[in-house]
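Visitor: Turn this into a structure:
(one chain, ligands or ions: 2)
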Amino acid sequence: MLTVEEALTAIIQHVVPGTATTTPLADSLHLILAEDLTTPHDSPPFDKSMMDGFAVASNGFQNAEKKTLRVLETITAGSLPTECIAPDTASRIMTGAFIPDGADCVVPIERVIFDETEPQDVTIAGDAVRAEGNILRQGILAETGQPLMKFGTLLEPQHIAVLAEFGVAQVPTFQRPTVAILATGDELLPIDQPLVPGRIRNSNEPMLVSQALRANATAIPLGVAKDKREDLRSHINAGLKHDFLLLSGGVSAGTLDLVPSELAAAGVKQVFHKIEMKPGKPLWFGQLKTSDHSCWVFGLPGNPVSSMVCFELFVRTALRKYAGWPQPAPQPTLARLTKSITVKGGRPTYFPCHLRLSDEGLEATPVAWGGSADLRSTADANGMCLLLPESRSVAPGDMVATICWSAM
Ligand code: AMP
Ligand code: MG
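Guide: Numbering: from 1, shown residues only. Ligands and ions are numbered 1, 2, ... in the order given. Down below sits the predicted model:
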């Protein structure tokens, strides 16, 4: 049986990033940049006004208490000046507009005496004029050819905005993985069906679909496969066309746990089966490799919390590796426990908890959790904390490693 660390290492070794591609900027949120980029032009691309006011030549104001200047024209954002500024002239100018030749200062409208009914001249006090005042010079923020963004950057809205400023309409990125999701089990009912004895609703499919979406993958639900070899086989074959196939259920020791053998029959090579952890011990991982396609396959335990935890630890790591993340493994954060808790058994346990940022730092409150089938209590959790077998009983104030699932 592998440890969690060994399993993560094996996943990171086996999954390779998808080939780099180009993605329309509007679709590139949360993808990883696949090239170093340099600025294709200066920013700003021309000298521009930072204020609504008047463009003037500051050297015309030496020692002058105030001056009345003849107004040449109005320059709005997006238009070009047609006149050159001289010591006795000014042009009205708007924020973002092109600075006219001869001007080296924009005096804000609030600092001038100007009558809209007599717009031919403007009076400006000498102390309102300062060389380079309110002008953003071409290239001052970024010069052509400077480093703009590094390979491996996770594209967040601020990066998308910067790429838009520089006209990067097609972004070099790693691919978004496609993830097929297949629930297995004769007992599973569609979520809109009334319960009948012996049956339960298929909660793993919508859970895994939403976890995949949150991990920035494209999720493809394949419905439910019965615990019958033929049905399982045809569903598995459909799923193997994608980058990843997640199965839930059928990987334990039950008589109808057919998933490992059916995956093997479909040509998927096992990398590992079973992990020393709780919940999630029965996890299965393997890879189908043909000349032109790879599909990485997770057989997740059917118990809902086991599936949920295995996704957050292992599937998410695999998806990140495929999507080009430089650090795909989970990055636990230490938190202070608020409640004592004792866990039985000899395996490291990922215990659902509620994480909260308090004045003293990150706090973890374990929820009242009844084990791998207790899905309900995870609605009170937004993460999990790791309890190690050597410290079975932990007390308030103890520090524990935590992994956040969602917003705090
Ligand atoms: P299995 O791993 O197939 O032995 O399933 C373990 C437990 O998880 C059983 O109680 C199943 O009924 C339950 N289970 C399996 N698949 C699902 C699912 N898709 N949604 C909710 N519970 C499931
Ligand atoms: Mg089953």
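Visitor: And the helices in the chain, which stretches?
Guide: Secondary structure of the chain (DSSP state H): helices at 4-14, 157-165, 204-214, 229-239, 259-265, 304-310, 316-322.
Visitor: And the contacts of the fourth one?
Guide: If I follow you right, that is helix 229-239. Outside helix 229-239, the residues that touch it by Cβ atoms under 8 Å, 6 or more residues apart in numbering are 180, 182, 184, 222-223, 225-226, 245, 247, 250, 258-259, 262-263, 265-266, 295, 297. Yep, even glycine has a C-beta here, placed from its N, CA and C like the rest.
Visitor: So is it next to ligand 2?
Guide: No: Helix 229-239 lies apart from ligand 2 when judged by Cβ under 5 Å from the ion; the minimum separation is 10.6 Å.
Visitor: remind me which residues of this protein are low pLDDT?
Guide: Residues of the chain meeting the criterion pLDDT under 70: none.
Visitor: tell me which parts of it are close to ligand 1?
Guide: Within the chain, the positions near ligand 1 by Cβ under 6 Å from any ligand atom are 183, 185, 187-188, 200, 202-205, 248-252, 254, 257, 301-304.
Visitor: Sort out which of these are buried, if you could.
Guide: For the residues of the chain next to ligand 1, a burial check counting by 16 or more other Cβ atoms under 10 Å picks out 183, 185, 188, 202-205, 248-252, 257, 301-304.
Visitor: Quick check: strands, which of those are part of them?
Guide: 183, 188, 248 (DSSP state E).
Visitor: Distance-wise, check residue 334 relative to ligand 1.
Guide: Distance of residue 334 to ligand 1, computed by Cβ to the nearest ligand atom, to the nearest Å: 32 Å.
Visitor: same question, residue 111
Guide: Noted for residue 111: a distance of 68 Å to ligand 1, by Cβ to the nearest ligand atom.
Visitor: ok, now how distant is the closest residue to that residue other than its chain neighbours from ligand 1?
Guide: Nearest in space to residue 111, with sequence neighbours left out and distances taken as Cβ to Cβ, 6 or more residues apart in numbering, is residue 128 at 4.0 Å. Separation of residue 128 from ligand 1 (Cβ to the nearest ligand atom) stands at 71 Å.
Visitor: Residue 232 now?
Guide: 12 Å.
Visitor: again with residue 348
Guide: Distance of residue 348 to ligand 1, given as Cβ to the nearest ligand atom: 20 Å.
Visitor: next one: residue 178
Guide: Taking Cβ to the nearest ligand atom, one finds residue 178 at 20 Å from ligand 1.
Visitor: Provide a list of residues in contact with that residue.
Guide: 217-218, 220, 242-244 are the contacts of residue 178 under Cβ under 8 Å, 6+ apart.
Visitor: closest to residue 76 among those?
Guide: Checking those against residue 76 with Cβ to Cβ, the nearest one is residue 218 at 44.2 Å.
Visitor: and the closest one, what does it touch?
Guide: By Cβ under 8 Å, 6+ apart, the contact set of residue 218 is 176-179, 212.
Visitor: Correct me if wrong: residue 308 contacts residue 381.
Guide: No: Residue 308 is beyond contact range of residue 381, at 9.6 Å (criterion: Cβ atoms under 8 Å).
Visitor: what about those two, which has more around it?
Guide: Neighbour count, other Cβ atoms under 10 Å: between residue 308 and residue 381, residue 308 has more, with 26 against 22.
Visitor: Can you name the residues that contact that one?
Guide: Counting by Cβ under 8 Å, 6+ apart, residue 308 has contacts 207, 211, 375, 378.
Visitor: Top of those residues by number of neighbours, please.
Guide: Counting by other Cβ under 10 Å, top hit in the contacts of residue 308: residue 211 with 23 neighbours.
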